[in-house]
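Colleague: Give me a 3D structure for the following:
(one chain, ligands or ions: 1)
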Amino acid sequence: RLLGKIIDGKLVAQHYTAEMKREVEALGSNHIVPTLAVIIVGEDDASKIYVRNKHRRAEGIGIHSINIRMPEETTQLALLERIDLLNSDPEVDGILVQLPLPEHINAQEVLNRINPDKDVDGFHPVNVGRLWSNNAQIVPSTPFGIMKMLAFYGVDPAGKQAVIIGRSTIVGRPMAAMLLNANATVTIAHSQTKNLRMLSQQADILVVAVGQSRFIKAEDIKPGAVVIDVGMNRDENHKLSGDVDFEAVIQKADLVTPVPGGVGPMTITMLMQQTINIAKRRALHAIQN
Ligand code: NDP
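Modeller: I've put the predicted structure just below:
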């Protein structure tokens with residue numbers, strides 16, 4: 001019975017991956033290969049793993065992936081110039097700058113330089129604005145993947161109370177916009193929120209993106225809630241856990257995402273989906289001209 005309550009992120013990711021392969025084939029018959037350029041600056045180990053995973057996933061779907069590695073001492077100007085080259089390359093669809101960047105580089109200025117129509121992470125202010133004005137084009141992949149999982153499991157946010165814990169620009173804020181656009185009533189909680197647990201207990205949809213193991217326990221949720229755990233925490237043995245006490249919460253909730261195997265697999269899948277969507281716009285443009 002409990003098995004039916006697990007939102008299987010891998011399963012949803014597989015569904016979209018199969019669809020994407022068909023889309024890439026169709027684009028190929030129009031001589032378009034979706035292309036994703038990833039810039040990594042410096043030697044951050046976690047970043048290297050993420051970039052390698054993105055590369056693998058892309059190639060598996062038939063997306064061409066270009067990895068651009070720049071040394072730690074790269075100047076802001078050199079990085080901006082590299083972005084300009086990608087912006088003007090007609091064969092590059094998505095551009096992504098892997099964060100974090102070295103201290104001496106102004107990350108916001110770098111993200112602002114990416115052509116908004118190629119900004120596959122959806123962090124450019126133009127894309128943030130489009131999302132908040134309910135006119136989204138390219139959006140952050142983690143909350144986008146969550147919306148796809150909700151839809152796959154037949155959860156319609158319309159009219160529901162949605163509570164999001166966490167207000168980061170990559171998860172909490174865009175999640176709030178997406179749920180609002182889907183007609184939920186949205187509350188955003190954060191470290192200054194008073195009576196946070198009273199709020200979480202009222203949530204029909206609870207999204208937890210805090211970064212603290214077992215932050216949410218069974219008593220913090222409403223019976224029958226849908227609980228989305230974004231957290232990715234590593235303990236001293238390097239074991240991965242989420243922000244939600246999964247075993248206890250699943251007894252009381254209607255649907256819960258596990259960690260690993262929930263939100264994580266969908267994030268990278270949606271990055272690929274958006275690269276393909278940009279390539280589709282390129283194909284349309286080619287036909288129109
Ligand atoms: P941030 O650290 O940027 O944001 C954490 C948020 O949680 C902040 O808004 C912070 O509030 C809030 N917070 C921290 N402590 C508390 C508290 N005690 N009570 C209430 N709110 C609190 O993290 P991210 O949004 O980037 O990531 C969140 C988690 O999700 C991390 O574990 C990260 O690893 C994971 N993650 C997973 C992804 C995936 O694909 N599965 C993708 C991205 C992130 P305040 O703003 O006031 O400081």
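Colleague: Any stretches of the stretch 101-250 of the chain with poor pLDDT?
Modeller: Along the stretch 101-250 of the chain, segments meeting pLDDT under 70 are nowhere present.
Colleague: Enumerate the residues of it near the ligand.
Modeller: Counting by Cβ under 6 Å from any ligand atom, the residues of the stretch 101-250 of the chain close to the ligand are 142, 165-168, 170-172, 189-193, 196, 209-211, 230-233. For glycine as for every other residue, the C-beta is placed from the backbone atoms N, C-alpha and C.
Colleague: and those, which of them are in strands?
Modeller: Secondary structure assignment (DSSP state E) places 165, 189, 233 from these within strands.
Colleague: what's the distance between the longest helix belonging to the chain and the middle of its chain?
Modeller: In terms of residue count, the longest helix belonging to the chain (DSSP state H) is helix 263-288. In this view, helix 263-288 has its centroid 13 Å away from the chain centroid, taken as Cα atoms, centre = their mean, to the nearest Å.
Colleague: What of stretch 38-51?
Modeller: 17 Å.
Colleague: what does it contact?
Modeller: Contact partners of stretch 38-51, identified using Cβ atoms under 8 Å, 6 or more residues apart in numbering, comprise 54-55, 65-72, 74, 79, 82-83, 86, 95-102, 105.
Colleague: let's see it at 6 Å
Modeller: Taking Cβ atoms under 6 Å, 6 or more residues apart in numbering as the criterion, the residues outside stretch 38-51 that touch it are 54, 67-70, 72, 74, 96-98, 101-102.
Colleague: hang on, the earlier thing: quick check: which helices or strands does the longest helix of the chain pack against?
Modeller: The contact analysis (3 or more Cβ pairs under 6 Å, 6 or more residues apart in numbering; DSSP states H and E) places helix 263-288 against helix 9-28, helix 45-61, helix 141-152.
Colleague: Now the weakest link among those, please, by mean pLDDT.
Modeller: Per-stretch mean pLDDT for those is lowest at helix 45-61 (a mean of 94).
Colleague: What residues of that helix count as buried?
Modeller: 47, 50-51, 54-55, 57-58, 61 (16 or more other Cβ atoms under 10 Å).
Colleague: just the helices in the stretch 151-289 of the chain please.
Modeller: Listed in chain order, the helices of the stretch 151-289 of the chain (DSSP state H, counting those that start in this stretch) span residues 172-181, 196-200, 246-252, 263-288.
Colleague: which of the ones in strands among the residues of the stretch 101-250 of the chain next to the ligand tops the neighbour count?
Modeller: When neighbours are counted by other Cβ atoms under 10 Å, Ile165 leads these with 27 neighbours.
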